[in-house]
Each structure stands twice: as C-alpha cells, then as structure tokens.
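**Q** Any chance you can model this:
(3 chains)
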Amino acid sequence: MEEQIAALAAELAALKDATAGMNRTAAETFYWLTIPLMVLIHAGFLSYEMGASRAKNALASGIKNILAFAFIIPTFYYVGWFIYWAFPTGFTMSAGPAGISGLDYAIAAASPVGSAMGPNVADSATGVFFGAFAMFAATTASIMSGSLIERIQIVGFTILAIVLGSFVWILGAAWGWHADGWLVTTLGYHDFGAAGVVHAIAGFFTLGVLINLGARVGKFNPDGTANAISGHSMPSALVGLMLIIAGFWGFLMGCVIFPGEAWSWGQGIFATIYGTPVTLSAMTFNILMGFAGGAIAAWVMTHDPFWMMSGALGGIISVAAGLDLYWPPMAFVIAAIGGIIMPLVAGFVEKMKIDDAVGAVALHGVVGLWGVVAVGIFAAGYPALASEGAPTITLYGQVIGALVMAALGFVPGYVVSFVLKKLGMLRVPKESEIIGLDKVKVPISAYPEFLMPGTSSTSPAE
Amino acid sequence: MEEQIAALAAELAALKDATAGMNRTAAETFYWLTIPLMVLIHAGFLSYEMGASRAKNALASGIKNILAFAFIIPTFYYVGWFIYWAFPTGFTMSAGPAGISGLDYAIAAASPVGSAMGPNVADSATGVFFGAFAMFAATTASIMSGSLIERIQIVGFTILAIVLGSFVWILGAAWGWHADGWLVTTLGYHDFGAAGVVHAIAGFFTLGVLINLGARVGKFNPDGTANAISGHSMPSALVGLMLIIAGFWGFLMGCVIFPGEAWSWGQGIFATIYGTPVTLSAMTFNILMGFAGGAIAAWVMTHDPFWMMSGALGGIISVAAGLDLYWPPMAFVIAAIGGIIMPLVAGFVEKMKIDDAVGAVALHGVVGLWGVVAVGIFAAGYPALASEGAPTITLYGQVIGALVMAALGFVPGYVVSFVLKKLGMLRVPKESEIIGLDKVKVPISAYPEFLMPGTSSTSPAE
Amino acid sequence: MEEQIAALAAELAALKDATAGMNRTAAETFYWLTIPLMVLIHAGFLSYEMGASRAKNALASGIKNILAFAFIIPTFYYVGWFIYWAFPTGFTMSAGPAGISGLDYAIAAASPVGSAMGPNVADSATGVFFGAFAMFAATTASIMSGSLIERIQIVGFTILAIVLGSFVWILGAAWGWHADGWLVTTLGYHDFGAAGVVHAIAGFFTLGVLINLGARVGKFNPDGTANAISGHSMPSALVGLMLIIAGFWGFLMGCVIFPGEAWSWGQGIFATIYGTPVTLSAMTFNILMGFAGGAIAAWVMTHDPFWMMSGALGGIISVAAGLDLYWPPMAFVIAAIGGIIMPLVAGFVEKMKIDDAVGAVALHGVVGLWGVVAVGIFAAGYPALASEGAPTITLYGQVIGALVMAALGFVPGYVVSFVLKKLGMLRVPKESEIIGLDKVKVPISAYPEFLMPGTSSTSPAE
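**A** So this is what the prediction gives:
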C-alpha cells in the first residue's frame, strides 16, 4: 500500500508538471497572438493615413508610418521596457508595494543585456509581453502620425515618434497602468484598456506638436475660416479604419493578465493589469457596444463615413478604461457620448486654428480623457487593485489621472517639437509642401498612371 | 499513511480546480479569437462593396456596411440572443428535449437585464458566445448589403439589416442550428457551418428585397437585355473578398463547441452545435478543398477574377454544412459544383430582371441551399444529434430544411421591403441615383482628386 | 483505506485523460489559427501584386494569385504532403533515424486515400498540420508570382506554381526542414523559420523562370540601360506588404512544434521542427528586431517605401533561420545586413538584364540564403537536432545547405519554364503585352471609370 501511495504521488507530481507546462504554453500563445492582430492596426493605419492624404503626399505619409514602427522596436527594447519597470513609483526608482518595480527590479526584468531580453528556455513570457508592449508603443506613434501629415519632416517626425513611443507613454503606463503605479496605489486610478495611458497621452502629445508645426498651406483663409482638405481616397481610409478595429481586439487582449502563472493574479480567471478580475466575455459585450454606440452617434452627428468609423474607434476608446466593469447598455451610452464629443471637439480644435488632419486630438486625446473620467462616473467604488486595503475607484482619482495623462502627453510633445522647430527639423519648406512631399522626398510615385488635374501627373510608364 | 492519502487527495482536488480553470480560460480565449477574425469579414465587405459600386456611390455603400454592423449589436443584444434560446421548438417557446431552450431558459440565459449579459466573474462564456453570434448576425446583413447598392435608402436598408440580422436568421438558427431545434430533432437537419441558417436565409431575404427594390437605372434595356454595371475598383473588391476568406476561418471556428466545460458536448474533442464530434483538422481539409474547388470551377466558367473569388467563397459555402463529415476530395467536387451553379444562377436571376449587383442571391442563397442539400446526398446516415435515438441525416430532411430556410428568408425580406416601399423608405429618388448617392447623401467625396469623365468630378483640394 | 487509494487512482486517471484532451485541443487550435493568419499573406500578395502591376495588367496579376492558391491545395493534398514524409533521406525513400520518414511512413501518414487525410475523430492533428503546410506551399507560389507579372501566360504560370508549391519546395523541406532530413542529420543544417526551404527555393526557382521568360517590353533600352516600370498603385502595394507582415506571424507560428502530444518533442516548451527548444518569446524579440533592422536599412539605402516594406520582410527573412537562437540586437544587425544586400542584389539582377518586377530574387532568393548562412556565422555550435549525438550547427553545413536550396530551386524553375517556352505556353504574345493582359484575357476592367491617359480607358458605366 505504501508503494501504491508513492506511485500515486509520483504520478500526481508528473501530472502537475505537465499541466504547469500546458498553462505556460497557453499563456505564451495568448500574448503571441496579440501581436499579428496589432500588426493589423499598422496595416490599417497605413491604408488610413495614405488615404487621408492628398495624392501628392500619400507615400510620404506611408513612409512615416513604416519608420515609426521600425524605430520604436529597438528604442523600446533599449529604453521603453526598462522605464516601465523602473518608474512606477515616480522618479525615485524605488520599489512599490507589489514589489514589481524600481531600479533593481527593472535591471533584473528589463535590462537589454540581461537574460530576460532574449532567447531563454527558462523564460517563455518576457518576449511576448515585450512584444505586446512594443506594439502598444508603435500604436501611440501611429495615433500621432495622421495628424501631422503633408508638412512634417520625416526625420523630425521619427524623433517625435521615438520620444512618444519609447519614453513618454510608457512612463504614463508605469504610473497608471501598473500595479505599483503611483496613480493606482494612491488615487485608485483605473484605466483597464489604456484609454488614458495610450490614447489620451498620444492625443495630447499630438496637440503639443501641432501647435509648433502649424497648419498646412491653404487650410485657413485670411479671414480665419477653415477649408476642408480632403484625403485622396476615402475608401482606403475607411477600410484602414476597419482593419484598426479588427486589430483593436488584439490590443485589448494584450491588456489582460493570463491566469495560472507565477506572475499571474490568481487562477482560473483573467485579471486586469491591476490584478482585479475580468472576463473576455465582459470585454466582448462592451467592445461591441462601444463600437455601436460610437458609430451610431457619429452618424447622427455628421453623416460622414470617415467620422462614423472614427466614431466606432472613439466608442471603443470611450469604454476602454472600464471594459471590465460596465453593464453593456451603459457602455453603449458612454460610447455614444464619446461619439458626440468627438466631432464637436474636432470643430473646436479647428476653430483654434489648429490643423489636425485626421482629428486625433479629438478622437484619441479628448475621447481618451472621457474614457478615463467615465470610469469615475459610472464605476466608482470598485477596488482599484487586487491587494487588501486597496484604494477604490473614485471620480476624483480619475479626473486627476486624466489631467496627469493630458499633461504628460502635452508637455513633451510641445517641448520636443519646439526644439525641433528651432533646429529647422520640424517642417518641410513651403515649396515642397505645395509641390507635394512625394515629388520632393520619394523616388517613386503613388499613382503614375491616373490622371489628376490638380496635381502635375507624371506621364505613365509605357 | 492516512495523512498521506488526505494530502494526496487535497493536492489532487487543487489540481482539478486548476485544470478546470485552464479549460475555462482556453474556451473563453477560443471564442474571443473568432471575433477579430470576423471583424476582418467586415473590413473585407467594406473593401468589396465599395469597390463593386461605381465611384459616385462608393461611400454610400460603405456607410451601409458600417451602419448594419453598428445597429445589429444593440438589437441583437436586446432581441436576437433571446430569440435563439426561446424559439428552437417553434413559436410555443416550450423547452426542447435537450433542456436548453424555451421561455424560462431564454430568460435565464439571455435576458438583457439578467446577470449573464454583462460582466460576471462567475460566467466567462456567455459574452464571447454572444459576440460570435452577433458577428454572424452582422455578416447576414453584409451579405444582403452588396446586392442593394446604388439605389437603396440608408434608413430603409438599416431597418432591413436589423430585421434580417437580429430577428430572421437567428430564428432560423434556433430551428436548425441548435440541439433543440425542431428541424434537427424531428428531421435530422444538419448544417454544421451554417450554409442554410446564415447564407441561404440571407440570400433569399435579399431576393425578397430585390423584387421590391427594382433594378438600377440603366441596368436593363427596353428590349429586356441587361447591361453590365461594373464596380469602379475591382482590385479593391478582390482584396476585400480575400479578407472575407481569412475571416471565414473565424466564422467557422465559431461554429464548434469547445470541449470540457459544463456546457460542452463531452471532453477532449470539439463538437458541432448538435453535439456530434468534429475536429478542426477535418474542417481544415474541407475548407481548403472548398476554396480550391469553387475558385477553379468559377475560373473555368467565367475567367473573371470577381467570380473566381466569389467562387472561392461559394466553394466554402457549398461544403460548410458538412465540413465535419466529407472526405476532402469529395469536398472539392461539391465545391466545384457550387462554383458551376453560381454563375448560372446569377445569369438566371438577371434574366428574371432582378438586379443583384454582386450576385448574393446566387452565391449565398442558392449555393447555400446546395450546401444543405449536399449533406443529404453525400453524408446521409450519420447521426444528427449526440443524444441516443437521435434522428439521422437524410436527403429528405435536408431538402425540407433547405426549403424552410429559403422561405424563412424570402418571406420577411419581401414583406418588410414591400412595407418600406409603400412608406417611401426603400428607394432613393431617380435623380439622386443618376447624380450618385455620395453627392446627395454624403458630405465628403470618395476620390476628390482623380479625374473621372463619366462622373462630375469635384475640383481637387489645393 | 484500500478503497480510498483506488478512488484516488481512478480520479487521477480521469484527470489525466481530461488534461490529455485539453492538450490535444490546444495543439489543434494552435495550428488552426496559423491558417487564417496565412490567408492574410494571400490577401496581402493580392493587394501588393495588383498594385505593383500597371493598371492594364492588374486583374491578370490577381488571377494568377488566386489560381496559384487554388491549384496548390488539391495537388499538395495528393502529392506534396506525401513527398514531405517519403523523401527526407533522399530519393531512396528509406526511413531516417527518427523513424518518421520513408515510404512506409509516408503511406501511413500521408496517403490521400488513408484514414489520416480526412475527418477522423481519432486524429485531430493531421489536418491542421497539412493546412499549415499547404499554406506554406501556396506562399512559395505567391513569392514567385510577383516577379513574372505583366507577360506570363496564366496556364503556364499555374503549372509553374504547382511544380514549385507541390513538388519542389516540399522536397527541400523534406531534406532540410524535417528531423530525418539528410541535410539535418548529416550536416546539422538549421533553418528554423524556413529562410532556405521556403524563401531561397522560391526565389531561385523564380530566377530560373525569369531567364526563360525574358524582360517586359520596354524594360531595357537598346543601349542596355533599364527603365523603371512603376506599379499603378503604390499605396495598394504598401498595405499589401504590411498585411504580409501580419500573416508572417502565422507562418512562423506554423514553424514550431506544440508540446505535450505523442508527436511532440517533449513537454512544457515549444520545439523547432528539429526538436530543439524554442520559445515564442525568443521568436517575438527577433521577428520585431528583424522587421526594424530590415526596414531601417532599406530606408537608408533607398528612401523608397516599396523597398522599405520589402526590407521589413527581408529583415524577418534574414533572421528567420535563427529566430530561436539570436540575441535580439544581433538579429537587428543581421536583418540590417539583409536590408542592405537586398537593393544591391536587385540592382545586380537588373544589370544582368533580368526583369524581376518586384525583386523576389533579391528579397526571397538571396536574402533567404543570407538567412541560412547567418546561422552558421552567428549561431554555430548549437545542436541541430534533439537526439543524442546530434550534429551541431556549422558554417560549413549552412553554406552547403544554402547551395542545395539555391540549386534545388533554380534547376526545376529553369527546366520547367524552358519546356513551357518550347511549348509556347510561357509568354503572352507581344501585342497582348502591349495592349495589356486585362483587355485580352479578362472579361472585366480593373478601373472602368478612372481616366488614365496612357491606357485606353473604357467609357464609364452610366
């Protein structure tokens, strides 16, 4: 009998090992899958921003997108990932209460010369986490990218993209999207789907840049009225926006913590990045309702398909921070409010003589803030962290958090673009802008065969 | 020794808990992933239907797609999901033999004010199931959408989309795509991949609408002959169709029941919605063969890339109902027959003076029926349900089921569009149609810079 | 107590069964998901190759892509899959040391009339494996396809696609991408992500075809200088390339062996196709770095967005063979070298009077070889197989392997295209080429409404 028990114990231990391996494999696969979905966001941004440009600037817009993505990878590898783990408690680099932050932790977890940041058969998680975060970083740069088209220099833009993607937003993520983040531990800041730390920061960074960059030639009339400068292919923009919606599911999937690992928050149920429970089911209800509410409201407001798709995105952003908590019909309403706010703010931005070519300040910046504040209005009282004695979500905490995110985006965006402007690296010469950036900067032509009377079309290839 | 046994038992119980959590997580993730794949179907439809429209109507076509998707979410939340669980046994709302249907069950499972339909840490499955079904619903509306382009009113279309997506097809699903569905329990109806309950219903609903809607101006000549009205961008249509093929894998993935849960059919192997076993491997063989057979047959028939991609879709629809059962070379043949039927039926529809702009009646309607009937021809004799004494698949049951699907689609499509016509809500005025819907209804222009002699092009932005 | 132990043992056995089922389900789902991601590769190729064609040939290019995909499915079902299992040890069809190759094994595993190649509730793995491999096969044909546009006959192309996709590359895979492959067992050839067996073979096959096919009319001047023949829609090409990047994650996901099954290499950690351990995390780091290094280098070299996106692809191809082994900053450098090589080789190919319309010989052929050789330079010394006494990776083995891949691609590409040329099946008549293939071969027009002065535009539909 003794032997039977020993045999059973051995068998049980082996099974425990096997299931631990299965869970590890499942977690690794889960985060891996977020990445191709988020690459779709970049295919979408490429289609969308080229379509939203005039034909004479289409390829220059595309180049920006490709470069932003490409430069963010190595800079995020060397800097961004380290910032995320070093700075949650502020600039002191001290460890936070959950013990997963501070200088020592960051060196162990995120040193680019350490064992975690490369092939390591004993660590199957760091790379896929890093990958998801790097894609978030690339997304912040793409959010900014569309607003600046048709007059920004390529190198100047690339510098701004790196600053935003590998330095700024990830500091915001350390503060408000990390269990040791000071906004979370002190104010109960709750931003499950990154409405503030990704969208609002990127949107307000963009606002700072736009002030220094100035409007496109011909955007504003001497009497102060604005002209619409339409993109050359709205179908391309619309399809691109729907690809972004598809990719958004990968983005939001990357916002959950898979259960059952040493680094997980508990077992058998997904958690937010704060350790509180969440189900993919709750997220599904609310993402779909967010899409619907935002798109329908934008339709009512504008009848414009470009704004309808932006409204669909804006609806999801409106509910992103509380996807884990909202009752679906409430999510519809919150998203519809976002869809109403968006075109109004876009009109106001234009009235302020700021030329935001695709409305990112309104869509990501202000609607992102709305998403953060909405949690304070509609979901106050929930615990903000998994730990005992954790602060609860409050309207006050969400408003302060929203202001921090807006400032954290705006200030570096303004300052860095101001410096670039002084260095002559921000804006292309006026003549280049009038001729079109593609003719000046790009060795090929977007559409060599199509006849476009307003642009000097090249003669078609034989 | 007593303690050793107790310790082992406790350890085993803990491991059982952990593995139960792992299975729950895997099931939830599985259905979640179907949704971004199905969003690709909508990106595809957007690209496809705008490309298949003339340039003057491209954005109006896109608006329809966005609105259909957006309006189906809340209406399916409030109505469609409830219908699925309440009506399997017919209109009496009684419970069926499997005990997962009827009024009481629907109130518990699908009440929009109940605990299942929102964030609920004790129910991680309902939301992702709902999401997959809502995407199926949105797909039915997109199937219809392309056929009606260039002359339907936006509000009228939206009403039709809601009726089809949140009322009609889901009733068909309750009857024939549910273990308690009366078509299944009494006739052994087998429609694994929804060839009948999605494609045929949507196709015949569309036929009903087309009869009342009428042909586009210029489609038919006074002598009764038809003109081809070509879309303005065939490349956009083709890429869109290939995106739909990618998304189709999400759709069909959403047709299987994940094993190992309380709501699953058994353990260790996927099941159809009827509880019979199926492997993703069988599906893979047959989907690929369906694609190939349909595309090759359509190429032989037409040499037209638009029909080839439609044939690829049609090939998959042809084999969808029996993906779980066919031998792959047989699937190729069944799909090829679908690819031959499709253009012939499309020609016949045109001869009947029905102007189906993208051939959805042929592709989804008639090929969908073929898919249902093919199971009766090539896979009769298999059990139609997991239960003991279950009816088997017969040609008779499949033919009756096909007729029910055709009628269930056609009648409401005809009746609702008839009422809309009487109310003046179905068709745009003739002048709007000739000028182009975008000029009349949409505040922006699809291609402001390209010169198109047949359409009065706007002057390009500076 | 006896009974308690028996009860525990029974419970444990049941749990073991359940977890075995869970693992089987996870493995099946894992490979299934690679397939829709790889369909995105085909949506991308469609967008890319049509965009890279002149408008007069756009649809003919698209037809090629659709047909290649469609014809490879059944031919790979009947032939390709069998080759993979029969020929790893060379042409003798003897069994290799791992016992998973040779005639008998191939008949059991891959006979198209056997029980593995269809619905089989006892085998949930074969179909999804087959599906992933069939998608690799279709990708090889798409790699070739773009280079041959605008002058190849459709039937001739389809024959070449079948030869490459269902015969040639899969023989290379048997030799170098299989644990019994003679290149692996004798030379320690390591090609984790198929840089050689997919990309180099396809690229050199293409080179063989291009020599017989000849340049497009107008490509080379009498004095030997070359003209650029630009595609009609670079935005469409760029978006297509980014979709290919998204799909590449599915491709590389299909290169790993899921753990925990009877056919797996060990438990709890993914393996390469050679059985050596790999993590998705390592792959993620290196794929992202490959993208970045290749895109940035190509930008520095060319400033051309088409080459930048090709460079992004080329960067991933450069690191593909060693994704499991590289330190990420090293991967960046290897990819950047690939991004530098690519345009130089493309220039050389043009200088040789070979008209490679999209640069596939440089991008896939030569950069693919670079990827293979790079493993020998940067990762020599690692074991090449999981077995004891396995050979290690050496520069010698990689160079020989690279030469084998180049020859294995080039020779059949040259020979089959030579035969097709003699039969008059390779190239369209000169007049058709000048008029444009769409006008001659395709019953519809790509852009019936847009005005293109160089191409005789049809009058727009009313």
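
**Q** which bits of the stretch 51-200 of chain A sit near chain B?
**A** A:54-55 (Cβ under 8 Å from any Cβ of the partner chain). Placement of C-beta: from N, CA and C, glycine included.

**Q** Tally up the residues packed near residue A:6, please.
**A** If you count neighbours by other Cβ atoms under 10 Å in any protein chain shown, residue A:6 ends up with 11.

**Q** would you say it is within a helix?
**A** Yes. Residue A:6 forms part of a helix when assessed by DSSP: H, G, I helix; E, B strand; the rest coil.

**Q** Show the model's pLDDT score for it.
**A** With respect to pLDDT, residue A:6 scores 93.

**Q** Please report the distance of it from residue C:3.
**A** Taking Cβ to Cβ, to the nearest Å as the measure, residue A:6 and residue C:3 are separated by 18 Å.

**Q** Ok, residue A:276 next?
**A** With Cβ to Cβ as the criterion, residue A:276 and residue C:3 are 43 Å apart.

**Q** quick one, which of those two is more surrounded?
**A** Shown here are residue A:276 and residue C:3; by other Cβ under 10 Å, residue A:276 has more neighbours (23 against 7).

**Q** Do I have it right that that one meets residue A:384?
**A** Yes. In this structure, residue A:276 is within contact of residue A:384 by Cβ atoms under 8 Å, at 7.5 Å.

**Q** Near chain B, which residues of the stretch 301-450 of chain A are found?
**A** Within the stretch 301-450 of chain A, the positions near chain B by Cβ under 8 Å from any Cβ are A:302-306, A:308-309, A:312, A:324-329, A:332, A:450.

**Q** Give me the lowest-pLDDT entry from these.
**A** residue A:450 (92).

**Q** What number of residues are in the vicinity of that one?
**A** Residues within reach of residue A:450, counting by other Cβ under 10 Å, total 27.

**Q** Contacts only, for it.
**A** A:55, A:457, B:450-451, C:55, C:232, C:450-452 (Cβ atoms under 8 Å, 6 or more residues apart in numbering or on different chains).

**Q** So what does it look like in phi/psi?
**A** phi -80, psi 140 (degrees, to the nearest 10).

**Q** From residue B:450, how far off is it?
**A** Distance from residue A:450 to residue B:450, by Cβ to Cβ: 6 Å.

**Q** Over to residue A:229?
**A** Counting by Cβ to Cβ - residue A:229 and residue B:450 are separated by 16 Å.

**Q** cool, and residue A:83?
**A** 45 Å.

**Q** now do residue A:31
**A** In terms of Cβ to Cβ, residue A:31 sits 43 Å off from residue B:450.

**Q** likewise residue A:11?
**A** According to Cβ to Cβ, residue A:11 stands 71 Å off from residue B:450.

**Q** Equivalent analysis for residue A:308, please.
**A** As judged by Cβ to Cβ, residue A:308 and residue B:450 stand 23 Å apart.

**Q** Burial check on the nearest residue to residue A:118 once chain neighbours are set aside, number of neighbours?
**A** Nearest non-adjacent residue to residue A:118, counting by Cβ to Cβ, 6 or more residues apart in numbering or on different chains: residue C:327, 4.7 Å away. Counted with other Cβ under 10 Å, the neighbours of residue C:327 add up to 19.

**Q** How about residue A:344?
**A** Residue A:344: 12 surrounding residues under other Cβ under 10 Å.

**Q** And what about it, helix, strand or coil?
**A** Applying three-state DSSP: residue A:344 is helix.

**Q** quick one: contacts for it?
**A** Residue A:344 touches A:301, A:362, counting by Cβ under 8 Å, 6+ apart.

**Q** That one and residue A:365: what is the separation?
**A** Residue A:344 sits 13 Å away from residue A:365, going by Cβ to Cβ.

**Q** can you pull the buried residues of stretch A:116-127?
**A** A:116-120, A:123-127 (16 or more other Cβ atoms under 10 Å in any protein chain shown).

**Q** same check, this time on stretch A:436-456
**A** Counting neighbours by 16+ other Cβ under 10 Å, stretch A:436-456 gives A:436-439, A:441-442, A:444-452, A:454-455 as buried.

**Q** residues touching residue A:438, list them.
**A** A:56-60, A:445-446 are the contacts of residue A:438 under Cβ under 8 Å, 6+ apart.

**Q** Could you export these as CSV, including pLDDT and secondary structure?
**A** Converted to CSV, those look like this (pLDDT from 0 to 100; DSSP: H, G, I helix; E, B strand; the rest coil):
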residue, pLDDT, secondary structure
A:56, 97, helix
A:57, 97, helix
A:58, 97, helix
A:59, 98, helix
A:60, 97, helix
A:445, 95, coil
A:446, 96, coil
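
**Q** tally of neighbours for the spatially closest residue to residue A:32 that is not a sequence neighbour?
**A** Sequence neighbours aside, residue C:280 is the residue nearest to residue A:32 in space, at 4.4 Å (criterion: Cβ to Cβ, 6+ apart). Residue C:280: 28 surrounding residues under other Cβ under 10 Å.

**Q** wait, residue C:280 sits on residue A:28?
**A** Yes. Counting by Cβ under 8 Å, residue C:280 touches residue A:28, with 4.8 Å between them.

**Q** any common contacting residues for the two?
**A** Common contacts of residue C:280 and residue A:28 (Cβ under 8 Å, 6+ apart): A:124, A:128, C:270.

**Q** What is the nearest of those to chain B?
**A** residue A:128 (14.2 Å; Cβ to the nearest Cβ).

**Q** What residues does that closest one make contact with?
**A** A:28, A:31-32, A:35, C:280-281, C:284.

**Q** same thing but at 7 Å, please
**A** Residues near residue A:128 by Cβ atoms under 7 Å, 6 or more residues apart in numbering or on different chains: A:28, A:31-32, C:280-281, C:284.

**Q** try residue A:402
**A** A:196, A:200, A:369, A:372-373.

**Q** out of the residues you listed, who has the most neighbours?
**A** Using other Cβ under 10 Å as the neighbour criterion, residue A:196 leads these with 36 neighbours.

**Q** Am I right that that one is in contact with residue A:374?
**A** No. Taking contacts as Cβ atoms under 7 Å, residue A:196 lies outside contact range of residue A:374: 10.9 Å.

**Q** which residues do those two both contact?
**A** Overlap of the contact sets of residue A:196 and residue A:374 (by Cβ under 7 Å, 6+ apart) consists of residue A:321.

**Q** Can you show me the CA trace of stretch A:149-167 as CSV?
**A** What follows is stretch A:149-167, C-alpha atoms only, in CSV (Å, rounded to 0.1, in the frame of the first residue of the first chain):
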residue,chain,number,x,y,z
ILE,A,149,0.7,64.6,-42.5
GLU,A,150,1.5,66.7,-45.5
ARG,A,151,4.0,69.1,-43.9
ILE,A,152,6.2,67.4,-41.3
GLN,A,153,9.8,66.4,-42.0
ILE,A,154,10.5,62.7,-42.0
VAL,A,155,13.4,62.8,-39.6
GLY,A,156,11.7,65.3,-37.2
PHE,A,157,8.7,63.0,-37.2
THR,A,158,10.7,60.0,-36.4
ILE,A,159,12.3,61.7,-33.4
LEU,A,160,8.9,62.6,-32.1
ALA,A,161,7.7,59.1,-32.7
ILE,A,162,10.6,57.7,-30.6
VAL,A,163,10.0,60.2,-27.8
LEU,A,164,6.3,59.4,-27.6
GLY,A,165,6.5,55.7,-28.2
SER,A,166,9.7,54.7,-26.2
PHE,A,167,9.7,57.4,-23.5
